[in-house]
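Asker: turn this into a structure:
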Amino acid sequence: MPEVTARRDGPIGRVVIAHPEKLNAMNLAMWEALPRQLASLDADPEVRLIVIEGEGDRAFVSGGDISEFESQFGAAEARARYDAAVEAAYLAPGRCGKPVIAKVRGICMGGGLGLAAACDLRFCTDDARFRMPAARLGLGYGAAGLERFLQVLGLQNTLDVFLSARVFDAADALRMGFVTRSEPRESFDREVDAWCAMVADNAPLTLRAVKLTTAQLLHDPAGRDLAAVQAAIAACFASEDHLEGARAFMQKRRPVFTGR
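Answerer: Sure, this is the predicted structure:
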């Protein structure tokens with residue numbers, strides 16, 4: 001059954017997109033479920049960061065479920081609901097206070113590429129394949145979505161990806177800065193999990209402040225919420241974790257952060 005599930009794996013929250021018979025293509029119900037599952041993990045005080053991944057080894061997300069397109073795009077109300085669900089799913093990783101990581105195995109195309117672009121960081125297997133096929137499907141891609149790609153890829157790479165609608169590989173994704181790291185399949189889980197564990201061991205308030213600050217700096221200066229940025233930074237300095245970090249440094253031991 002197609003579904004989006006959430007679970008906690010120690011300090012790491014995991015959102016799993018499962019529709020394996022269609023390479024984890026997302027239907028309407030799955031798009032609508034994704035923000036709820038992310039919000040549930042973001043609200044869990046034991047979770048330090050969140051990983052989004054596809055079920056199985058073949059795909060992260062291959063795109064939207066094309067079999068739904070005729071029914072969803074046929075009537076204006078249905079199209080509006082579908083578009084709203086997809087955009088809400090794309091906005092959800094940024095609305096989380098915790099870092100959200102896309103863990104990409106295999107195919108990452110269409111809506112999957114858009115979802116990965118909406119995450120804070122992306123890791124992939126070295127055999128991953130990426131594509132934005134909108135120009136081959138006659139789709140108009142929304143301005144908000146293109147803005148996300150411009151922030152991640154820059155102008156030239158965004159135009160290349162969208163105008164050509166070509167398949168590009170992990171080496172290309174790494175060169176363009178779309179992914180942070182590309183790993184062989186045999187070491188992928190180990191390396192990504194080790195990186196996540198390293199992040200989860202750090203001070204949660206600092207992680208939140210870094211994410212908030214970078215997001216605000218990407219806004220037009222007129223729209224930046226610098227008061228929120230300053231409050232997040234001040235909360236770090238006023239926290240018990242700041243004292244714990246200083247004591248641990250002086251005592252040459254590992255700090256134990258609580259998020260307070």
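
Asker: so residue 246, which state does it fall into?
Answerer: Following DSSP: H, G, I helix; E, B strand; the rest coil, we place residue 246 in the helix state.

Asker: same check on residue 152?
Answerer: Strictly by three-state DSSP, residue 152 counts as helix.

Asker: for the nearest residue to it once chain neighbours are set aside, pull up the helix or strand it's in.
Answerer: Distance criterion Cβ to Cβ, 6 or more residues apart in numbering; nearest residue to residue 152, sequence neighbours excluded, is residue 117 at 5.2 Å. (Each C-beta comes from the backbone N, C-alpha and C, glycine too.) Here residue 117, judged by DSSP states H and E, is contained in helix 111-118.

Asker: care to break the protein down by domain?
Answerer: What automatic domain parsing lists as the domains of the chain is 3-199, 203-251.

Asker: include mean pLDDT and mean neighbour count when you put those domains into TSV, please.
Answerer: Listed next are the domains of the chain as TSV, based on pLDDT from 0 to 100; neighbours: other Cβ atoms under 10 Å:
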stretch	mean pLDDT	mean neighbour count
domain 3-199	94	18
domain 203-251	92	14
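
Asker: coming back round to it: elements contacting the helix holding residue 117?
Answerer: Packing contacts for helix 111-118, counted by 3 or more Cβ pairs under 8 Å, 6 or more residues apart in numbering; DSSP states H and E, involve strand 59-61, helix 76-95, strand 100-104, helix 143-164.

Asker: picking up where we left off before, now the domains of the chain as CSV including distance to residue 259?
Answerer: Formatted as CSV, those follow (distance: least, Cβ to Cβ, whole Å):
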stretch, distance to residue 259
domain 3-199, 6
domain 203-251, 4
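
Asker: to residue 257, which of those domains lies closest?
Answerer: Proximity to residue 257 (Cβ to Cβ) singles out domain 203-251 among those, at 4.6 Å.

Asker: in contact with residue 58, which residues are there?
Answerer: 20, 23, 24, 105, 106, 107 (Cβ atoms under 8 Å, 6 or more residues apart in numbering).

Asker: let me fix that, I meant to ask about residue 45.
Answerer: Shown in contact with residue 45 (Cβ under 8 Å, 6+ apart): residue 259.

Asker: one more: residue 217?
Answerer: Counting by Cβ under 8 Å, 6+ apart, the residues that residue 217 touches are residue 224.

Asker: do you know how far it is from residue 238?
Answerer: Counting by Cβ to Cβ, to the nearest Å, the separation of residue 217 from residue 238 is 22 Å.

Asker: what's stretch 112-121 in contact with?
Answerer: 24, 26, 34, 52, 54, 59-63, 86, 89-94, 99-102, 104, 108, 122, 130-132, 145, 148-149, 152-153, 178, 180, 211.

Asker: just stretch 82-94 next, same as before
Answerer: Taking Cβ under 8 Å, 6+ apart as the rule, stretch 82-94 contacts 26, 28, 31-32, 34-35, 38-39, 50, 52, 64, 68, 72-73, 100, 111, 114-115, 118-120, 142, 144-145, 148, 215.

Asker: go again with 6 Å.
Answerer: If you take Cβ atoms under 6 Å, 6 or more residues apart in numbering as the criterion, stretch 82-94 is touched by 28, 31, 32, 34, 35, 38, 72, 100, 114, 118, 119.

Asker: just flag the most distant two among the residues you listed.
Answerer: Farthest-apart pair in the contacts of stretch 82-94 is 72 and 100; separation 25.9 Å (Cβ to Cβ).

Asker: can I assume residue 52 is in contact with residue 14?
Answerer: No - assessed by Cβ atoms under 6 Å, residue 52 is found out of contact with residue 14, at 8.0 Å.

Asker: so residue 3 bridges to which residues?
Answerer: Residue 3 has these beta-bridge partners by DSSP bridges: residue 18.

Asker: if I look at residue 187, how far off is residue 236?
Answerer: Distance from residue 187 to residue 236, by Cβ to Cβ: 34 Å.
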